[in-house]
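> I need the structure of the sequence given here:
(2 chains)
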Amino acid sequence: MTTNLALLQEAMEKVKRGESEVILDFASLLRIDAVGVRALEELAALAGDRSAKVLLRAVNADIYRVLKQLKLAERFAFVNG
Amino acid sequence: MTEDVTSLSADRIEYLEGLVRRGKTAAAVFTQFTQRDVDAIVKAMVLAGLDQAQYLARLAIEETRLGVLEDKAIKNMVATEFVYNYVRDRPSVGVIHEFPERGLVEVAEPIGLIFSITPVTNPTSTVLFKCIMAIKTRNAVIFGPHPKAWRCCQEAIRIMYEAAVKHGAPEGVFSCLESPTIPDNKFLMRHKDVMLIDATGGPGAVKAAYGSGKPALGVGPGNTPVYLEKTAHLDMAVVDIITSKTFDNGTICASEQTVVIDDEIYDLAIRKFAELGSHICNQKETDLLGRTVINPETGVMQPIAIGQTATDIAGVIGLRVKPGTKLLIAPIQGVGPQHPLSVEKLFPVLAVYRAGSTEEALRVCVDVNHAGGLGHTAVIFSRNEEIIRKFSDVINAGRIIVNSPGSIGALGGVYNDMVPTFSFGCGTGGGNSTTDNVNMYHYLNIKRVARRTQAHMWFRVPNQIYFNLNAVENLRQFSSLSTLIVTNPLLEQLGHVDVVRRSIPSQTQVRVLTIPDAEPEFKVVMQGVDALNLHRADQIVALGGGSVIDAAKLMKLKYESPSADLDELAAPFLDIRKRVVQYPTEKAHQVRLIAVPTTSGTGSEVTPFAVLIDKERGRKITLADYSLSPDVAIVDPQFVMSMPKSLTADTGIDCLTHAFESGVSIHASPYTDSNAMQAIRMVFKYLPIAYENPRDEEARSMMHNAACIAALAFSNASVGVNHALAHAFGARFGVGHGKANALMLPHVLAYNASVPTKFMPSPNQRAYVAHKKYAMVSDLLGLGGETVAEKVANLVAATGQLLDRLEIPRSIAELGISEAEFERAMPELAKAAFDDPSWRSNPRMPLVSELVGLFWSAYRGRDSQAPLTEAGPAKEWSCV
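Numbers count the residues shown, from 1 in each chain, chains lettered A, B, ... in the order given. Okay, the predicted model is just below:
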């Protein structure tokens, strides 16, 4: 499957509510699309503003490469699945 | 208005940054796509492009007012259908090429975001082509069309984009600059997120692309010379040239510009051009054309003429031509500023030149080629292969089109099997990075996955080896009309020559050449060659030690191949399979070389080596090639029974050193290991006996065999640092080879057994195993010990004990060389040892400082061996 926007939205809401750490599970995600990239950019920006930490769990190598190429990887923490 | 990026407004910059952001994201997302994904998208795009080919052609004509509608439609179809035909079955994702026999795999890596400039002359076809290439290779593109072709290009991009996204391509994969300007181009060319510039356009755009400091594909202007040679199929040539030069009104930069015609067919060719609708200009008309369609100040074509019809151009300048005239043909008498029509003309005006000879024709074609067309395209019509080849040699063009139209031929895939393209690389002649027809592979980074390969190894030995007492009698089986025995005076005195002579069949004419008992000089080799020639010898029997056998090897080489240059053949090499020089294979004579050794050490009777001394230049020349190996070796101990004790010891230790060094060499193999191991075992057992009881036949025989067996190992695995040290030390202080080896041996064993400062690159070895191999030898000799280190220590000690038993000095100091003298000699010794090729197969790469350390260890003797390193248990002898 590609980007699950609902999950991203949920994560945004958690950050907005003041949660200091949010985990996003990428385990079932095979690919990320441009919409997902934009949502992650927004999430990273929001988390930066609120000093929240966003952890991406079980990110596969293909998606990690996309995030790395777009210099998004350094804005998240990664945890194993 | 300034053309610098500083003229860009903040809004414009934000707009451009937005395009880059979208493209960059699309390119990143695209990296996740599979081959199947991109192939499906490409197919959909191609179908959409084909469907809209005529529509886009019409848009292009309406906007640019250049070219021919029907031809533009064909170009759009070539750019889709023909390009698809090329890319369809070619992998562009993941593994794209495999070379299993070389252990190599090529893997595609997309480039990312590309900024692509497209021209006014071929606007929509170039866009279609580049879109297909980009999707096939998973790249995103921002297009910067020529301002005068922007709308048609934008439409072509829209059609491609919609088809692509509909079939899954990432959003933002293509975008087109709105109202593009030069500052826009410059901004994008220098943008950090633009990874490649693909500039198909005029010289300014190409120059800017290359000047941006970014990787760039640029194409250049052309000026296509055509040689219409007298053997050409004239009807075909004339039709092809007219077809090509009128195609899209000559807007393809590969189209013909000046046709150089052989005098013999000139008039006929011109008549045929005229018959098929060309107007042949007279001198006055040619001058008028030159003044009007070429800018007299810049010497380049007037834009107003580009892509117009012949009749339109004629009408504008007041030239009377028949209605429907296809081409204006203008005879010129030379190339250069005085002949304005000799430059590129992207319209249906063709210069022609009458050449009085082939040489003249080629010269004029070269002139045209150098008048603005370097690296681009050239055309020849000829049936003379030699002239086609000559033309290809002297013309600098990425595409040399033979017997077919230049413009359509250069596009590829129609008249020939070149790669279909709409971008012609012009190489360095055109200031470009490639001469290729730009294609999908230029839109890829190609990663090479190189697997470790094992070089083919070998075990090469003489055909026949006879051994044991009286083995010399085997000489009887070798028929020969004329045999030359090469030996030294002492062996003749000892009666050995008579023994050999008696074993040679009686019908054979036998002559004896005695040479000094020393490393042979070139003049000695040539004495032998003279004797061989004089007696028309068909067989050489080399009876002697290493020097005699080496001399005989070189005599054979020079006798069989008189032009062989021994100096050149001695050129250094790292890998015998890749060496620069080749030993001669053509032989004036075929002669059999039979080696009968009279010492038990060098093993020269089976080795591919020969050493020559060059006294004039004070150096030794070592030759190495398996063609030097004797054909037959006869290892008969009767010839060593009278060896003096010291020679027995020295040669025996030489043999032991050969075995130890080949055993741990980086070229060692199971084949050489078995010989090395056996030789070591025999030396430890029989050398002390042979030394202490010289008449012991068994010990002498075993040592004679051991020397030969060790040589079989080092002939194929080579030696190591011990020999490098011994060569340097022996030469400097006049110490015999065996003794010099002995002085170094315990120290080198300890050195190789410890962890290297530098490992020797050795693709055939999987691990550093020298210490384990020494431990295996230790076990073989029953020396005891639990760990590898203990076993190696026991082996070093046992070697020392052997040397003691042989009464060999255990330190250089014992030879009477003062420490001060040795210190003074050290720089020279270190250099000589480092220059010696022997260490190149040593398992441990010696640093110069380590060579110095080893020399000093050898100087001080038994108590100064390098410390051993604890390592794992010995598991295997063979390292392969």
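
> CA atoms for contacts and neighbours, from now on please.
Fine.

> which residue packs closest to the residue in chain A positioned nearest to chain B, ignoring adjacent ones?
Of all residues in chain A, A:Val66 sits closest to chain B, at 5.0 Å by C-alpha to the nearest C-alpha. Closest residue to A:Val66 apart from its sequence neighbours, by C-alpha to C-alpha, 6 or more residues apart in numbering or on different chains: B:Ala28 at 5.0 Å.

> let me see the contact set for the one you found.
Contact partners of B:Ala28, counting by C-alpha atoms under 8 Å, 6 or more residues apart in numbering or on different chains, are A:65-67, A:69-70, B:112.

> any idea how far it lies from A:Leu55?
As judged by C-alpha to C-alpha, to the nearest Å, B:Ala28 and A:Leu55 stand 21 Å apart.

> quick check, the residue of chain A closest to chain B in a helix?
Yes: under DSSP: H, G, I helix; E, B strand; the rest coil, A:Val66 sits within a helix.

> wait, it sits on B:Thr31?
Yes: with contact defined as C-alpha atoms under 8 Å, A:Val66 and B:Thr31 form a contacting pair (7.2 Å).

> just to revisit the earlier point, how far away is the residue nearest to A:Val66 from B:Asp39?
18 Å.

> which helix or strand contains the spatially most central residue of chain A?
Residue closest to the mean C-alpha point of chain A, counted by C-alpha atoms, centre = their mean, is A:Leu40 at 4.9 Å. Using DSSP states H and E, A:Leu40 falls within helix A:34-50.

> and the next helix or strand past that helix?
Following helix A:34-50 toward the C-terminus (DSSP H and E): strand A:53-57.

> which residues are in contact with that next one?
Under C-alpha under 8 Å, 6+ apart, the answer for strand A:53-57 is A:20-27, A:44, A:47, A:76-81.

> same thing with stretch B:841-854?
B:661, B:664-667, B:717-721, B:725, B:744, B:747-748, B:752, B:756-760, B:768, B:770, B:826, B:830-831, B:833-834, B:839.

> what does stretch A:6-24 give?
A:39-40, A:43, A:46-47, A:50-57.

> buried ones in the helix or strand hosting B:Asp650, by neighbour count?
In this structure, B:Asp650 sits in helix B:645-664 according to DSSP H and E. Of the residues in helix B:645-664, B:645, B:647-664 count as buried by neighbour count, 16 or more other C-alpha atoms under 10 Å in any protein chain shown.

> mind pulling up the pLDDT for B:Thr598?
As predicted, B:Thr598 sits at a pLDDT of 97.

> I'd say it and B:Gly545 touch.
Yes: in terms of C-alpha under 8 Å, B:Thr598 counts as a neighbour of B:Gly545; the distance is 5.2 Å.

> circling back: distance from the helix holding A:Leu40 to the middle of the chain?
Distance of helix A:34-50 from the chain centroid (C-alpha atoms, centre = their mean, to the nearest Å) equals 7 Å.

> helices or strands up against it?
With contacts taken as 3 or more C-alpha pairs under 8 Å, 6 or more residues apart in numbering or on different chains; DSSP states H and E, helix A:34-50 sits against helix A:5-16, strand A:53-57, helix B:10-30.

> could you say which of these is packed most deeply?
Among the helices and strands packed on helix A:34-50, the stretch with the highest mean neighbour count (mean count of other C-alpha atoms under 10 Å in any protein chain shown) is helix B:10-30, at a mean of 21.

> measure how it sits relative to helix A:34-50, angle-wise.
Helix B:10-30 and helix A:34-50 meet at an angle of 110 degrees, taking axes from the mean of the first three to the mean of the last three C-alpha atoms, to 10 degrees as the criterion.

> over helix B:10-30, what's the mean pLDDT, rounded is fine.
What helix B:10-30 shows for mean pLDDT is 97.

> likewise for stretch B:344-356?
97.

> mind listing what's buried in it?
Quick answer for stretch B:344-356 (16+ other C-alpha under 10 Å): B:344-355.

> do the same with stretch B:834-846
So for stretch B:834-846, counting by 16+ other C-alpha under 10 Å, buried means B:834, B:836-846.

> tell me which residue in the stretch 701-850 of chain B sits closest to chain A.
In the stretch 701-850 of chain B, the residue that lies nearest chain A is B:Arg766 (30.8 Å; C-alpha to the nearest C-alpha).

> repeat for chain B
Chain A sits closest to B:Ala28 of chain B, with a gap of 5.0 Å, by C-alpha to the nearest C-alpha.

> let me see the contact set for B:Thr358.
With contact taken as C-alpha under 8 Å, 6+ apart, B:Thr358 is in contact with B:229, B:262.

> could you do A:Arg65 as well?
B:Ala28.

> so how far is B:Phe30 from it?
Going from A:Arg65 to B:Phe30 by C-alpha to C-alpha gives 11 Å.

> got it, and B:Leu795?
With C-alpha to C-alpha as the criterion, B:Leu795 and B:Phe30 are 63 Å apart.

> which stretches of the stretch 751-880 of chain B form helices?
Residue ranges of the helices in the stretch 751-880 of chain B, as given by DSSP state H, counting those that start in this stretch, are B:770-780, B:788-805, B:819-835, B:848-860.

> looking at those helices, which is buried most?
Comparing the helices of the stretch 751-880 of chain B by mean neighbour count (mean count of other C-alpha under 10 Å), helix B:770-780 comes out on top with a mean of 24.
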